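S.K.: Based on what follows, work out the 3D shape:
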Amino acid sequence: MTSKPDNVLSQVKYAPTGVDEQVGIIMMNKEQQMSTIALTLHSKQPKRVVIACEKAYIEITEYPRADKAKIIYTETGEVEEITAGMTSNALQYELQNMEESVKTGINKMKLEYTIDVMDIMTKLRKEWGMIYPEEE
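M.R.: Residues are numbered from 1 along each chain as shown. Alright, predicted model coming up:
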């Protein structure tokens, strides 16, 4: 999304232990871009992201540790596969980006996205009445 969502709706189902076992989140920003997120702890489903665009969609499997993605052009059916890096080196890549950001001042970590996600999740937890033990 090109900006932080300003409209966020969600549902939560708790496990007997009190943890958020299933969550559904729908978000929209001022540019009218939408995303839908479904999270579950126990269902054995693929870790998959689909990004819908005007003339194609992008499919990423094994997210967030993917090493390839497919672009499927809807008008022609053409499939383009992109490969980058190695899944086994994912943590190493994160550390390298962090080190480079600290050394050069160039933000490769996308900290602003992390801050947005933390803000959204904190607001959702408050709506759900979910309180971490250290917050009591």
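
S.K.: from here on, contacts and neighbour counts on C-alpha atoms
M.R.: Fine.

S.K.: show me what contacts residue 71?
M.R.: When contacts are counted by C-alpha atoms under 8 Å, 6 or more residues apart in numbering, residue 71 is found next to 56, 57, 58, 59, 79, 80, 81, 82.

S.K.: Repeat that for residue 50.
M.R.: By C-alpha under 8 Å, 6+ apart, the neighbours of residue 50 are 57, 58, 59, 60.

S.K.: Same question for residue 84.
M.R.: Contacts of residue 84 (C-alpha under 8 Å, 6+ apart): 67, 68.

S.K.: can we see that at 6 Å?
M.R.: residue 67 (C-alpha atoms under 6 Å, 6 or more residues apart in numbering).

S.K.: separation between it and residue 93?
M.R.: Separation of residue 84 from residue 93 (C-alpha to C-alpha, to the nearest Å) stands at 11 Å.

S.K.: And residue 105, by the same measure?
M.R.: From residue 105 across to residue 93, the span is 17 Å (C-alpha to C-alpha).

S.K.: Of these two, which one has the most company?
M.R.: residue 93 (14 against 9; other C-alpha atoms under 10 Å).

S.K.: Can you classify that one as helix, strand or coil?
M.R.: Following DSSP: H, G, I helix; E, B strand; the rest coil, the label given to residue 93 is helix.

S.K.: what's the answer for residue 112, then?
M.R.: helix.

S.K.: now residue 59
M.R.: Applying three-state DSSP: residue 59 is strand.

S.K.: Touching, it and residue 70? I think so.
M.R.: Yes - between residue 59 and residue 70 there is a contact under C-alpha atoms under 6 Å: 5.2 Å.
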